[in-house]
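# just the structure for this:
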Amino acid sequence: MGVHGLMTYIGENHNFFNNVKIQNTRIVIDGNSLFHRLYFDSGLDLQYGGEYDLLTDIICKFFEALSVCNIGPYVVFDGGCDCTDKKFETLKQRAREKIQKARVISRGGGGMLLPLLSPEVFKQVLLQLQIPFVQCHSEADRDIVTLANQWACPVVSLDSDFCIFDLKAGYCPLNYFKWQNIITPNDHSGSYILAQCFSIDNFCKHFNLVNKALLPLFAVLNGNDYVNIPPLETFLSQVHINAKTSCSGRKNMRIQGLLNWLSKFSDPKEAIENILKCLKQNEREGIRKILFSLIDEYTQSEVDLTKFFQNKDLRAYVPIALASKAPEWMCLALMKGELAPFLSDCLILKRAFLHNQVENAGRPSSNRCSLYIRQVIYGLLLCTSEPCPDLTLDLSSRVLVQAGIDEERFNKMPCVDEFDRYEQTLRKSSVQAVLKRFNANEIYSLQRLPEVNAHQKYKISLSDRISFLLDVLSAKPDVLALPAHLQLTVAVTCYWVVHAEPKVTLHHLQALLLCIVTGELNKIIHKPGNSGSDEKSIRMVHDRLSQVKERKQQMWNLDVDVAHVFCQWQSCLLMGIYLNQLLCSALPVPDITRLYSGTSVHRLYQTLKSTVAAEDLLKGSLIAGEIYHELLHTVIITLPADFFQKINKSKHRSRVKVNEKQTTNSTGSLSKDNQRLCAWPDTNNRFAALTTEEF
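You can find the predicted model right below:
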């Protein structure tokens, strides 16, 4: 939620805080707050699409600091939107603000907009580090408070609502949680993190509030993410006059005025009755109900997350709206974070807010590129054999949908309302689902998707799910020959090359694949026990690719069309991950922690345009060359032979043959494996006619 202006206000008065040493304890962490702060506070790129490799390092350092101080973290994430839709207007306003932020950042201005894949990267690192986490079914604040009070441990967040809840062990705002400066005393008492813990007692004492239960009413009156009650403005305009003149700013005046006014009452009921006296008679009963309902948002939750962390059953806590539409496996997968909240929003509310990126605002949203993947997701979620058996389409349905099937039948398909950028505004579009068969006989059902029990009569096989996914992504089975953690990424890349607008050129594709290779080399270098003879050459190529990113050259203005192309890839990858989640991980979950760096991709693209060949950047390491050419080959074979030629002809007339240098070892000869990967017969070599391009 968030109480407007409260964190700024309390930050100006250190009497509201107690200095504490955090060690030898559990802490409950607001996951959404943490991944935002770790990214923004570390000065990582916001303009070129994110630096997920560096974000991974920072996340690891954060939890390493906790481990040194014997702090046990438990991370709790927000889930989907509340079924009552009480925050809908706030979500729309935030989406509008993000559109404007992205536009300002694209022009070199300031602002903070989280890169698209950051939440997924954060969860993957938690899994790798074996940090326990849970994803709530809606907003997590109340569940966090309940869990922290059960364990009598602090909450770590940057959400001002935790100043309103009565927390037994207090609330440590992230900006006062000094995890980067671990203190190790000489008395061997153990390392600790110094933090400032907000004291609700100090706060109430400062304003002479005799009852902490008045604070939720203060939050509601001051304005949080749920409050929009125009009749209250009459009352609030009178309260502001009573604020002390030393208080600066209109927002601070409201905060101080409200708290001073509330100090006159013994409980919320008495205060509310005084508020109603300022309102019209016909408004009073309705406002009374609204105020008490909003105050209830600050009571503890009925959900007992301790049971989740003890691997106990939590089916009793699944919201009715979700339980009525989602099978048990899906509800549990949502709590485990194996399914994204995006999917539950589509299923329950038939609505999706699409994330905005730093892109070319003069073009259609980069999310348009992943539209077909989303339509298939909507079909899996909303279309079952019961309500619409006659609308089930076969595996070639994409062609029919794009070409226009029977209009009457098509108009009966379920829709999801998507909120996305249109030029500089937020627009709602109703997007029709696409229903596809898994094979000639299988009709989809959420209940029957996972392979759970051997005695289950109907189940959709893994091979059918893989074929389904590859068909959606326009990828060939050759993808399955790649390392498991790269299969979905490359399949999505095949889809992106075909569907992107502006068109993907060879330099775009090469830059992306070189970035992926950099991440793969990094993993090889840091693999425990790695001391092979190839380590030196791998490290040399890795350093060369990294230097392209880190080169101290004059920063160019963002090429928004280039950014737009790579934003489309990120959108496709995210939706590909969501689709794979819904298919119970038909392909292995891709490791995205070191997969992509926006600054690296953009600089590699510029380097390749300056006539430096990709092979030159890989020179000296057979393994690096093999990885790159295997990835490139797997994408290229899905394309028409003249795919890039047609793009280049539309850009310029000059044609330069692609550099066909092969990666060699120190003696200048090719390994047998590299010959297999690189030396395809000229008659079938799709690279022979490729040309460089100007974008």
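# now do the helix or strand containing Y39: which elements does it pack against?
Here Y39 sits within helix 31-40, counting by DSSP states H and E. Contacting helix 31-40 under the criterion 3 or more CB pairs under 8 Å, 6 or more residues apart in numbering; DSSP states H and E are the following elements: helix 52-68, strand 71-77, helix 118-129, strand 155-157. Bear in mind the C-beta positions are built from the backbone N, C-alpha and C, glycine included.
# show me what contacts K178?
Under the criterion of CB atoms under 8 Å, 6 or more residues apart in numbering, the contact list for K178 reads 193-195.
# same list (those) but as a markdown table, adding secondary structure and neighbour count.
Converted to a markdown table, these look like this (DSSP: H, G, I helix; E, B strand; the rest coil; neighbours: other CB atoms under 10 Å):
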| residue | secondary structure | neighbour count |
| --- | --- | --- |
| I193 | strand | 23 |
| L194 | strand | 15 |
| A195 | strand | 22 |
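# please parse the protein into its domains.
The record's domain parsing of the chain by automatic domain parsing lists 6-298, 313-349, 366-684.
# now tabulate those in CSV and tack on distance to D304 and mean pLDDT.
Listed next are the domains of the chain as CSV, based on distance: least, CB to CB, whole Å; pLDDT from 0 to 100:
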stretch, distance to D304, mean pLDDT
domain 6-298, 7, 90
domain 313-349, 7, 88
domain 366-684, 26, 79
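# need those in TSV (columns: distance to N360).
Supplementary listing: the domains of the chain in TSV, determined by distance: least, CB to CB, whole Å:
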stretch	distance to N360
domain 6-298	8
domain 313-349	24
domain 366-684	4
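# tell me which of those sits nearest to H355.
If you check each of the domains of the chain against H355 by CB to CB, domain 6-298 wins as the nearest, at 5.5 Å.
# buried sites along the helix holding Y39?
Of the residues in helix 31-40, 31-39 count as buried by neighbour count, 16 or more other CB atoms under 10 Å.
# neighbouring contacts of it?
Taking CB under 8 Å, 6+ apart as the criterion, the residues outside helix 31-40 that touch it are 55, 58-59, 62, 75-78, 112, 114-115, 118-119, 122, 133, 140, 156-159, 174-175.
# what's the PyMOL line that selects buried ones from these?
When burial is assessed using 16+ other CB under 10 Å, the buried subset of these is captured in PyMOL by this command:
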select buried, resi 55+58+59+62+75+76+77+78+114+115+118+119+122+133+140+156+157+158+159+174
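# count residues in the vicinity of P477, would you?
9 (other CB atoms under 10 Å).
# identify the residues contacting stretch 265-273?
For stretch 265-273, the external contacting residues (CB under 8 Å, 6+ apart) are 210-211, 213-214, 216-217, 262, 264, 274, 288, 291-292, 295.
# go again with 6 Å.
Stretch 265-273 is contacted from outside by 211, 213-214, 217, 262, 291, using CB atoms under 6 Å, 6 or more residues apart in numbering.
# closest one of these to K168?
A213 (15.8 Å).
# and that closest one, how many neighbours?
Here the count is done by other CB under 10 Å, and A213 has 17 residues near it.
# now swap in V220 and tell me
Burial of V220, expressed as a neighbour count using other CB under 10 Å, amounts to 25.
# pretty sure it sits against F292.
No - contact criterion CB atoms under 6 Å: V220 and F292 do not qualify, at 9.6 Å.
# what helices or strands is the helix or strand hosting Y378 leaning on?
When secondary structure is defined by DSSP H and E, Y378 falls within helix 371-382. Contact here means 3 or more CB pairs under 6 Å, 6 or more residues apart in numbering; DSSP states H and E; on that basis helix 371-382 packs against helix 560-582.
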